[in-house]
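J.: Just to be clear, the model below is a prediction. Sequence and coordinates:
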Amino acid sequence: MSMRSGEDKPPSANDWAGLVLVGQLGLTVAIPILLGIGAGLFIDSKLRSSPIATLIGLLLGLAAGVYGAYRLVTSLQ
Amino acid sequence: MLWKLPNIVVPVEPIFGPITSTLLLSVVDAILIFVIFYLFSRRKKVLPGRVQGALEWLVQSMLGLCQDVAGKEKGRRFFPWVFAIFLYVLLGNLWEIIPGIETFGTINHELPGCANATGFFLADKNLSNCITPWFRPPSTDLNFTLAIAVISVVVTQIYGWRMLGARAQIGRYISLREGPIGLFVGLLEAILELARIISFGFRLFGNLFAGDTLLLVISFLVPFVGAIPFYFLEIFVGFIQAFVFAMLTLIFLTLGTTSHGHEDPEEEHAAEVQHEKQARLEHALGD
């Protein structure tokens, strides 16, 4: 997908797609982290293993967020 | 002060049995879309009238968008889903710009100060926040937005399954070929799918619930005139959010039906060189 449009060209469909994807970027990073922490807290409360599962969830969420952002950005090219 | 601040609640209240105010309007939405497009497709004219022209423009520009993003053949296959989601979400959003839509409803006697409220139209300004509305814009209900988000993600899975095959689709999440790193990446992919449902659902819900609440509160602070600029803002937001939802569905459908092979840069480069050679050859032959 190309993000560059000429000076006199109207924005193309792929420019719109790029714009929408950039809007998605923030949530792609944030939500997996919250999801990981939430799942970790739930597991910890069930198994009474605090804070191991929460930390694992946080790290997994972080990794998923970074990976998701990377996937989104590379899909723009 | 003309009225009291409306009773703003996040979960929707049922108005009749299990039927909620948002469910009512979402069903009305579906019927409205069906009726408009049924009438339009039954009485097609060669020279389109105003309504037919507008609808044809809408369909054509959306189809063009799908084909630009996903490619000609895929774009045509994805178009019905993308367009249906766009229209449904758009109508679901735009209910909120009907002024006073949430002032029709039944009296909720359980609210503070509303025990003795009576009357169909509440002329008494002290009781003006005792209403449980019959009509509430569907997108201000998390059930509605999450349901469409789930549909969007499930459709992506089904298309991936059908167009790439079962092996490639399962291999996306459980891949033993690249060792432990492949397994880990597969796990991340699965987390991302789940996160996508949440991000789709909460974005739409957050934007529209905030907009709806904004209109209610501004109407309370500055009655009649205060909300006018915000109505224009909400038309804009409603349109943008519907477009974003449809566009993201389209993009993830496209990504979900593209095999992992395209991520190999060498292979891609080789294909590009081959394509360039072909083009040059054709050009030379043409001359």
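T.: Nice, I can see it.
J.: so residue B:204 touches residue B:145, yeah?
T.: Yes. At 4.2 Å, residue B:204 counts as touching residue B:145 under the criterion of CB atoms under 8 Å. Where you see a C-beta, it was placed from the backbone N, CA and C, and this is true even at glycine.
J.: Now do the shared contacts for these two.
T.: When contacts are counted by CB atoms under 8 Å, 6 or more residues apart in numbering or on different chains, residue B:204 and residue B:145 have residue B:139 as shared neighbours.
J.: burial count for the residue in chain A that chain B sits nearest to?
T.: Residue nearest to chain B within chain A (CB to the nearest CB): residue A:13, separated by 3.3 Å. With neighbours defined by other CB atoms under 10 Å in any protein chain shown, the count for residue A:13 comes to 19.
J.: likewise residue B:10?
T.: 10.
J.: How many residues are close by whatever residue of chain B ends up closest to chain A?
T.: Of all residues in chain B, residue B:68 sits closest to chain A, at 3.3 Å by CB to the nearest CB. For residue B:68, the neighbour count with other CB under 10 Å is 18.
J.: In contact with it, which residues?
T.: Per CB under 8 Å, 6+ apart, neighbours of residue B:68: A:12, A:13, A:14, B:75.
J.: and the residue of chain A closest to chain B, how far is that from residue B:75?
T.: 10 Å (CB to CB, to the nearest Å).
J.: quick one, phi psi at residue B:106?
T.: phi -90, psi 160 (degrees, to the nearest 10).
J.: again, but for residue B:105
T.: Note on residue B:105: backbone dihedrals following degrees, to the nearest 10 are phi 170, psi -180.
J.: any idea of the pLDDT on it?
T.: With respect to pLDDT, residue B:105 has a value of 84.
J.: wait, isn't it in contact with residue B:134?
T.: Yes. With contacts counted by CB under 8 Å, residue B:105 reaches residue B:134, the gap being 4.8 Å.
J.: Name the residues contacting each of those two.
T.: Counting by CB under 8 Å, 6+ apart, the residues touching both residue B:105 and residue B:134 are B:15, B:21.
J.: quick one on the thing from earlier: any idea which helix or strand carries the nearest residue to the residue of chain A closest to chain B once chain neighbours are set aside?
T.: In space, and not counting its chain neighbours, residue A:13 is closest to residue B:68: 3.3 Å by CB to CB, 6 or more residues apart in numbering or on different chains. Element membership of residue B:68, judged by DSSP states H and E, is helix B:50-70.
J.: packing partners for the worst-scoring helix or strand of chain A on mean pLDDT?
T.: One helix or strand of chain A scores below all others by mean pLDDT, DSSP states H and E: helix A:13-47, with a mean of 90. With contacts defined as 3 or more CB pairs under 8 Å, 6 or more residues apart in numbering or on different chains; DSSP states H and E, helix A:13-47 has these neighbours: helix A:52-75, helix B:50-70, helix B:179-221, helix B:228-256.
J.: buried residues in the first one?
T.: The reference is to helix A:52-75. A:53-54, A:56-58, A:60-61, A:63-65, A:67-69, A:71-72, A:75 (16 or more other CB atoms under 10 Å in any protein chain shown).
J.: and it, average pLDDT?
T.: 93.
J.: Quick one: check that helix for contact with chain B.
T.: Yes. Contact of helix A:52-75 with chain B (CB under 8 Å from any CB of the partner chain) involves A:60, A:61, A:63, A:64, A:67, A:68, A:71, A:74, A:75.
J.: you'd agree the first one is up against residue B:185?
T.: Spelled out, it's residue A:60. No. Using CB under 8 Å, residue A:60 is not in contact with residue B:185, being 11.9 Å away.
J.: Please list all residues in contact with residue B:21.
T.: Here residue B:21 is in contact with B:12, B:13, B:15, B:105, B:132, B:133, B:134, B:135, B:136 (CB under 8 Å, 6+ apart).
J.: Tell me the most packed of those residues, by neighbour count.
T.: Ranking the contacts of residue B:21 using other CB under 10 Å puts residue B:136 first, with 25 neighbours.
J.: If we ignore the residues flanking it in sequence, what's nearest that one?
T.: In space, and not counting its chain neighbours, residue B:136 is closest to residue B:21: 4.1 Å by CB to CB, 6+ apart.
J.: distance of the one you found from residue B:104?
T.: Applying CB to CB to residue B:21 and residue B:104 gives a distance of 10 Å.
J.: Now do the shared contacts for the two.
T.: Common neighbours of residue B:21 and residue B:104 (CB under 8 Å, 6+ apart) are B:133, B:134, B:135.
J.: which one of these is nearest residue B:27?
T.: Compare each of the shared contacts of residue B:21 and residue B:104 with residue B:27 using CB to CB and the shortest gap goes to residue B:135, at 11.7 Å.
J.: Which of the three states applies to that closest one?
T.: coil (DSSP: H, G, I helix; E, B strand; the rest coil).
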